[in-house]
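> could you work out the structure for the sequence below:
(2 chains)
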Number of protein chains: 2
Amino acid sequence: MTAKPAAKPKQRTKSRAKAKPKMNLKVIALGGLDEIGKNMTVLEYGDDIIIIDCGLAFPEDDMLGIDLVIPDVTYLTKNIDKIKGIVLTHGHEDHIGALPYILKQINVPVFGTLLTLGLLENKLREHKMLDSTTRHTVVPGEKVKLGQMVVEFIHTNHSIADAVALAIHTPVGVVVHTGDFKVDYTPIDGDVIDLQRFAALGKEGVLLLMSDSTNAERKGFTMSEKNVGKVFEKIFEETPKNRIMVATFSSNIHRIQQVINAAYMYGRKVAIIGRSMVNAVKTASELDYLWIPPRTLIDINETRNYRDDQLVIITTGSQGETMSALSRIASGEHKQINVKPDDKIIISASAIPGNEKSISRVVNELLKKGANVVYGDIEDIHVSGHARQEELKLMLALTKPKFFMPVHGEFMHLSCHKNLAISMGMDKNDIFVMKLGEVLEVNKNEAKVTGTVPVGQIMVDGLGVGDVGNIVLRDRKHLSQDGLMVVVVSMDREMGTIVSGPDIISRGFVYVREAENLMDEARACVLDALLKCEEKNVTSWNYIKGVIKDTLKNYIWQKTKRSPMILPIIMEV
Amino acid sequence: MTAKPAAKPKQRTKSRAKAKPKMNLKVIALGGLDEIGKNMTVLEYGDDIIIIDCGLAFPEDDMLGIDLVIPDVTYLTKNIDKIKGIVLTHGHEDHIGALPYILKQINVPVFGTLLTLGLLENKLREHKMLDSTTRHTVVPGEKVKLGQMVVEFIHTNHSIADAVALAIHTPVGVVVHTGDFKVDYTPIDGDVIDLQRFAALGKEGVLLLMSDSTNAERKGFTMSEKNVGKVFEKIFEETPKNRIMVATFSSNIHRIQQVINAAYMYGRKVAIIGRSMVNAVKTASELDYLWIPPRTLIDINETRNYRDDQLVIITTGSQGETMSALSRIASGEHKQINVKPDDKIIISASAIPGNEKSISRVVNELLKKGANVVYGDIEDIHVSGHARQEELKLMLALTKPKFFMPVHGEFMHLSCHKNLAISMGMDKNDIFVMKLGEVLEVNKNEAKVTGTVPVGQIMVDGLGVGDVGNIVLRDRKHLSQDGLMVVVVSMDREMGTIVSGPDIISRGFVYVREAENLMDEARACVLDALLKCEEKNVTSWNYIKGVIKDTLKNYIWQKTKRSPMILPIIMEV
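Residues are numbered from 1 along each chain as shown, chains lettered A, B, ... in the order given. Prediction:
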């Protein structure tokens, strides 16, 4: 296209023709890059901002006590007047889960397909925000004008029904955002991802592609959801006498449909347990995404009226989550369901990284109770919802973007996705592995990173949003490792003499009855140090606290090689 | 063999001929069943006890602050006079790691091969126990008489050199314990596992087989270690210009040998980093298990004298361990080594369950610094050291045991291994999936579980062995989730009136500057409750502490939906 490619790859820019003095489109990810979850991307053109998705992330291992993590939207609150709306690609937590929190800061209209909004409404209802949120239902193929941009919704396949990709028609060109997707030629709802539309957009010219990188490391093609259904049928066929339980993700409506189909085929009733599963099945069947044959669904309390060979139970807990229905069944704590020997239990999911050990724990418990557990690679009872390498290449080949920005994944996934595009002949200077908050400015001719906006992880703990920071986490970490020792001493306000104490109380440090000597000696040690302060007429409480801390810390380290948190408290009397 | 098989499978017994009034062999696992690690098995015949291995386990996720876990050996300390020795199958931590702790309780002779004892000696030296421990070096093929039992050491293949299985010749029959093993037809040291000896033992009659279940879920055969070497050569070939680093387990001497071979072939110098890697390489080369060509090994400080294409660095950290050399390199905190763009970094290991996220973290950091990282399934850069299903069947077919006890693995692995044996025609009543501490009594004719001995997980935290129990762990867990609030109030010893306070100090709960109001209100709330106690002339400190706890707990839950630990302290003045 151009005789002289830009010679400044460091600036990540590439001019293809003479730059015109025109407004650029800004693309900013506030979440979803170099991380799993918390997906949120901002498109800004002039006075218009569109937000794509608004997801949550689950806390990292070092975020002790944190319930969930949401994006920092400082940039959006500062530009609130520009925002035309939030468009949702699908109803997974990592795409809609932060909305109840973010909408409190930026109350703008939300656009999504029927099921996506149905699942969102469950959330908004819990947060008492249903009435205050403007929602617009869209259908795949529809276009919505938001300021100077037009958002087109394109049908895709994913592990949740009603997922869409987006083509955003902007004054500088078309941006395609795939959302999460896979290519399923035999999907449960009959509609293959709209490859033709991606092809047509590619033919007309796509300026920028943002594409799902979750499975970019995996070779080949992701199998069709329908394969799982065949395995279910085989297992049902081979299990004529026993009860069957299936644990899966509550949002995987197509998976649930296939369990119900198999149950119907083999004349079994279906009971649903687990709060999120009950909600998802209710919403999906009300909105006609789930077809439940008449007289198939029964209440969990009715199961006692049926023989084992007449029952299927669909449950949450495929990730071994401690409070989930399956975990409680495994540990014998579930009110309605006890595991019986030879129950067939299918865990239809793969482990989300970090959950491997919890899942093993549940499987071991179920096996010990005599259940027959199908998990892991024993049978093909799970397929991913994300495109593998060959599908990602297909998307690149159909859309033929001028610029490419891999999204949704850790750095290793984004980086792999970049290499895929390079292997197809794309110039590496046209590919942007971005950081959160970096501003990619794009126009017809060039794309470059021009600056950054504030980004971050806002931690939600109970009702608190953002009130737990690094100091609190550091203290929790410290407390979790070696516990704490509180040293209290009452001192005369004026004289600086000891009135009572020191008393030492410990928690999470050592079982005190076993260590009475240690505690007595520690107290003597601190008292000794305090008396020396008294002799020297020290009256600075801070100094005395420091003495207590150092004295006790050294003593305890020497005796135990542990470092509990030490909290000296001086009561003035 | 018998016309009337015993009709009592519930008792897990099976008489095959008339029982003679003879002494039984007792088999008791003190570790290694329904868990990964902490392997330790006791064989007892009359007045003789032999112990097989003495391993540690790494702490579970809920064992906050714990360094490692060792077996409870109460049963052995009570029978200390019977113990003839500890025989070791190989030098991995989960087989020798508890010895420094256990030998303090039962100081008995230790038997093992040269490398196994070499690695043990490094440990004993650190614990200053080298002189006090009697050690006997054995060679594969050797037999050692221990009381009425004779222990025969049989060469096997595993991910550490010099691994052995054991055939214990007892008055009631031969017990075969495989240790950890795989079948490698092209091992690095040239010696295939001694299949002929297992066959001969089987021909003569094996009473009981205890066999490694780690990979019992995996189909097929484990690949040969030599495959990894070929991949190393390929990668070295394809990396003519850049520095190469390889991270692997320090105990995997054969893997390290292959890296050194490839380095030698391509004219590169080798530097070793990471304390355990340095120790292992030193011990293994001193004992001739590792062949290092002259002028190949250089000190890490000498690397600056060589070009990148002349260097290979072998390092620890393949599991993403926070303090390991590779982690520090990745985060830029290593003193001698900085990652350079296009460094080729090979992580030659698979993730031990639970370490997936730490490894990803390190890989992401290395990729961000521009390194070229080979990890996971990108290339065949790792093979397991444990037998898969076809190898396990081979072991069963060669030894043809009368009774079978799967060992080394979680319940799911043991259970899978049992099913493999059943699929080969073994009677399920002859297979014993045991629990820790259960006593299996065996004689020529029958085997049955007759009782239990004490077992447990002894937690080591710093210098403390067993002084951290469930209460301490529960407190650490509580502290880690929501932190704590300490409420201190000084009260008049006689009058029961408030002298000073209440003061509230919190840690790990909320960032206090952001929550000043909350803390002020909490204090007011507690003061109010205390004043009511004063009015009512309450003088029971325990009652008042209860009031403080409940008042604050309710207030904080209502305001924040969090439950910090609340520690009320009353100072009498």
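> neighbours of the residue in the stretch 151-300 of chain A that chain B sits nearest to, how many?
For the stretch 151-300 of chain A and chain B, the shortest gap (Cβ to the nearest Cβ) falls at A:Glu217, measuring 7.0 Å. The way it works is simple: take the backbone N, C-alpha and C, and place the C-beta from them, glycine included. Neighbourhood size, A:Glu217 [other Cβ atoms under 10 Å in any protein chain shown]: 20.
> please report phi then psi for A:Arg295.
The main-chain torsion angles of A:Arg295 are listed as degrees, to the nearest 10 and equal phi 60, psi 30.
> what about it, how many neighbours?
Burial of A:Arg295, expressed as a neighbour count using other Cβ under 10 Å, amounts to 8.
> for it, give its distance to A:Glu438.
Per Cβ to Cβ, to the nearest Å, A:Arg295 is found 56 Å from A:Glu438.
> A:Val468 now?
When Cβ to Cβ is the yardstick, A:Val468 and A:Glu438 sit 26 Å from each other.
> the two: which is more packed in?
Of the pair A:Val468 and A:Glu438, A:Val468 is the one with more neighbours under other Cβ under 10 Å, namely 28 against 19.
> so that one sits against B:Tyr511, correct?
Yes: if you go by Cβ atoms under 8 Å, A:Val468 and B:Tyr511 touch, sitting 7.0 Å apart.
> so where's chain A uncertain?
Low-confidence regions of chain A, defined by pLDDT under 70, span residues A:1-21, A:512-514.
> quick check: phi and psi on A:Pro406?
The main-chain torsion angles of A:Pro406 are listed as degrees, to the nearest 10 and equal phi -70, psi 140.
> thought it was touching A:Asn215?
No: the criterion here is Cβ under 8 Å, and A:Pro406 misses it with A:Asn215 at 11.8 Å.
> who touches both of those two?
Between them, A:Pro406 and A:Asn215 share the neighbouring residues A:His413, with contact defined by Cβ atoms under 8 Å, 6 or more residues apart in numbering or on different chains.
> what parts of the stretch 1-150 of chain A come near chain B?
A:34, A:60-61, A:64-65 (Cβ under 8 Å from any Cβ of the partner chain).
> now a ChimeraX select for only the buried ones of those.
Below is the selection syntax for ChimeraX that covers the buried ones among the residues of the stretch 1-150 of chain A next to chain B, with 16 or more other Cβ atoms under 10 Å in any protein chain shown defining burial:
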select /A:34,64,65
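> wait, which of the residues of the stretch 1-150 of chain A next to chain B is closest to A:Lys145?
Using Cβ to Cβ, the shortest approach to A:Lys145 within the residues of the stretch 1-150 of chain A next to chain B belongs to A:Asp34, at 32.8 Å.
> gap between the closest one and A:Phe432?
13 Å.
> for stretch A:64-73, measure first residue to last.
The stretch stretch A:64-73 measures 23 Å between its terminal residues, going by Cα to Cα, to the nearest Å.
> show me how far it is from its chain's centre.
For stretch A:64-73, the separation from the chain centroid amounts to 10 Å (computed by Cα atoms, centre = their mean, to the nearest Å).
> equivalent analysis for stretch A:442-461, please.
Computed by Cα atoms, centre = their mean, the separation of stretch A:442-461 from the middle of its chain amounts to 20 Å.
> ok, now stretch A:538-558?
Computed by Cα atoms, centre = their mean, the chain-centroid distance of stretch A:538-558 equals 43 Å.
> mark out where each domain of chain A begins and ends.
Following automatic domain parsing, chain A resolves into domains at A:21-220+A:384-460, A:225-374, A:470-572.
> mind putting those in JSON lines, distance to B:Asp72 included?
Output for the domains of chain A, formatted as JSON lines (distance: least, Cβ to Cβ, whole Å):
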{"stretch": "domain A:21-220+A:384-460", "distance to B:Asp72": "29"}
{"stretch": "domain A:225-374", "distance to B:Asp72": "21"}
{"stretch": "domain A:470-572", "distance to B:Asp72": "15"}
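> which one of those lies nearest to B:Leu394?
Between B:Leu394 and the domains of chain A, the shortest separation by Cβ to Cβ is 25.0 Å, and it involves domain A:225-374.
> end-to-end on that closest one?
By Cα to Cα, the extent of domain A:225-374 from end to end equals 18 Å.
> nearest to chain B: which residue in the stretch 51-200 of chain A?
Closest approach of the stretch 51-200 of chain A to chain B (Cβ to the nearest Cβ) occurs at A:Gly65, with a separation of 4.0 Å.
> distance of that residue relative to B:Asp550?
A:Gly65 sits at a distance of 22 Å from B:Asp550 (criterion: Cβ to Cβ).
> kindly report the same for A:Lys128.
29 Å.
> what about those two, which has more around it?
When neighbours are counted by other Cβ under 10 Å, A:Lys128 and B:Asp550 differ, and B:Asp550 comes out ahead with 13 against 9.
> SS state for that one?
Assigned by DSSP: H, G, I helix; E, B strand; the rest coil, the conformation of B:Asp550 is helix.
> hang on, the earlier thing: any idea which of the domains of chain A gets closest to B:Ala330?
With Cβ to Cβ as the measure, domain A:21-220+A:384-460 is the member of the domains of chain A nearest B:Ala330 (11.7 Å).
> and the closest one, how far out from the chain middle?
Its chain's C-alpha centre lies 14 Å from the corresponding centre of domain A:21-220+A:384-460 when counted by Cα atoms, centre = their mean.
> closest to B:Lys26 out of the domains of chain A?
Proximity to B:Lys26 (Cβ to Cβ) singles out domain A:225-374 among the domains of chain A, at 23.7 Å.
> please enumerate the helices of the stretch 351-500 of chain A.
Chain-ordered helices for the stretch 351-500 of chain A, with DSSP state H, counting those that start in this stretch as the definition, fall at A:356-368, A:389-399, A:411-423, A:470-482.
> likewise for the stretch 101-250 of chain A?
Secondary structure of the stretch 101-250 of chain A (DSSP H, counting those that start in this stretch): helices at A:114-126, A:195-204, A:225-238.
> could I get the contacting residues of A:Asp550?
With contacts taken as Cβ under 8 Å, 6+ apart, A:Asp550 has no neighbouring residues.
> how long is stretch A:297-309 end to end?
Using Cα to Cα, the end-to-end distance of stretch A:297-309 comes to 15 Å.
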